[in-house]
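In: Please work out how this folds:
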Amino acid sequence: MNVTDHDSIDVHTHVVPDEFPPYLGHRLGVRWPSMAPAQACHRHVMLDAKVYRTVSHQCWDCQVRLADMETMQIGRQVLSPMPELLSYWLAGDDATVLTRFLNEAIAGMVQQAPARFVGLGAVPLQDVERAIGELDHAVHQCGLAGVEIGSNIDGVSIGDARFLPFFEAAERWGAAIFVHALRPAGMDRLVGPPILEQALAFPGEVGLAAASLLTGGTLARCPRLRIAFSHGGGTLAQLLPRLQHAWESFPALREAVPTAPRVGARAMYYDDLVYDAATIDYLLQTFGPTQLMLGSDYPFAIMDKAPVGRVQALQLDTSVKRLLRHANAERWLGAVTALVETPGSE
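Out: Sure, this is the predicted structure:
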């Protein structure tokens, strides 16, 4: 296959609206986002009257994104909010207003180029009932493929039983879920500059989040849930052999976790954003060729600038490369209902 056909789907990209609505709630001191001017083509995302991050017009300008996609040989991008905008620390009613705005903004971007963009919205998971209502609106009114959620909800793991009704609704409505690291555990152990949060703390946080869906029983209760994890699933691939051994060794763990961890892990999806061919090979061995998808983290500084080239350079059958480039993503997004391709079946 000629990759210039641009069949590749990038499942890990982020957006920030060019403006936010003013806060119209009744509380004081609310951590509500706003935008402030920065250098040319950039704006500051403001939180607590401080600059949280400076972002470029790549975050909101669809024409700029489309031009970059051509350069990167990307056929479609999956758009999801910058994770901090998930705002789990807001009160439920305030968060519902913000997530509704984000969902409609992302739907508007998708409408500008529906053949090139797929949208994932946000939900106020700190209030599960409101989150289910906003998931309904995002999927059935805005036409989004699903939502992005954080790896923890204001410090509570996503595998906690309180979130099960939300995942049941997502399974029932066929919504794709993308899990991104957010406010990771272990920050007090990092030694060095702030960027180490993304470099070192994110993988551990994502690994714990993914493991919690196995050990908390969410996947066993929602076997048709289509859920994907950023950053290659973080540390899950390294944790899995130990978790599997513990599951085989301790009856109490087998009783609490109905599905073998290795089996459960192969029911989830993962992006390939690990920046290393040998690590991608390990993820393929661990999770299987039908569960890995292309991801870049566009447009942030830590992004993989050549995700398609990285996949093409792997020593894999063309059928497996096709799975990574787009077929697995189509299945995760619910875009296809055909039987999964098997490696070597061309």
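
In: Can you report how many residues lie near residue 140?
Out: 11 (other Cβ atoms under 10 Å). Any C-beta I mention is one placed from the backbone N, CA and C, and that applies to glycine too.

In: who touches it in this structure?
Out: Residues near residue 140 by Cβ atoms under 8 Å, 6 or more residues apart in numbering: residue 173.

In: got a pLDDT number for it?
Out: We have a pLDDT of 97 for residue 140.

In: How much space separates it from residue 108?
Out: 17 Å (Cβ to Cβ, to the nearest Å).

In: same question, residue 114
Out: Taking Cβ to Cβ, one finds residue 114 at 11 Å from residue 108.

In: Tell me which helix or strand comes right after the top helix by length along the chain.
Out: Of all segments of type helix in the chain, defined using DSSP state H, the longest is helix 92-112. Where DSSP states H and E defines the elements, the next helix or strand beyond helix 92-112 is strand 117-121.

In: Run me through the strand neighbours of that following strand, direction for each.
Out: strand 76-81 (parallel), strand 146-150 (parallel) (DSSP bridges).

In: How far off centre is the longest helix of the chain?
Out: 17 Å (Cα atoms, centre = their mean, to the nearest Å).

In: swap in stretch 162-170?
Out: Distance, stretch centre to chain centre, for stretch 162-170: 17 Å (Cα atoms, centre = their mean).

In: same check, this time on stretch 183-200
Out: Distance, stretch centre to chain centre, for stretch 183-200: 20 Å (Cα atoms, centre = their mean).

In: Can you give me the buried ones in stretch 136-153?
Out: Residues 137-139, 142, 144-153 are the ones in stretch 136-153 that count as buried (16 or more other Cβ atoms under 10 Å).

In: With residue 272 as the reference, name the closest of the strands paired with strand 117-121.
Out: Counting by Cβ to Cβ, residue 272 lies closest to strand 76-81 out of the strands paired with strand 117-121; the figure is 13.6 Å.

In: So for residue 69, which of the strands paired with strand 117-121 sits nearest?
Out: That would be strand 76-81 among the strands paired with strand 117-121, by Cβ to Cβ, at 6.2 Å.

In: can you state the direction angle for the closest one and helix 92-112?
Out: Angle of strand 76-81 versus helix 92-112, following axes from the mean of the first three to the mean of the last three Cα atoms, to 10 degrees, is 160 degrees.

In: Give the rounded mean pLDDT of stretch 30-42.
Out: 93.
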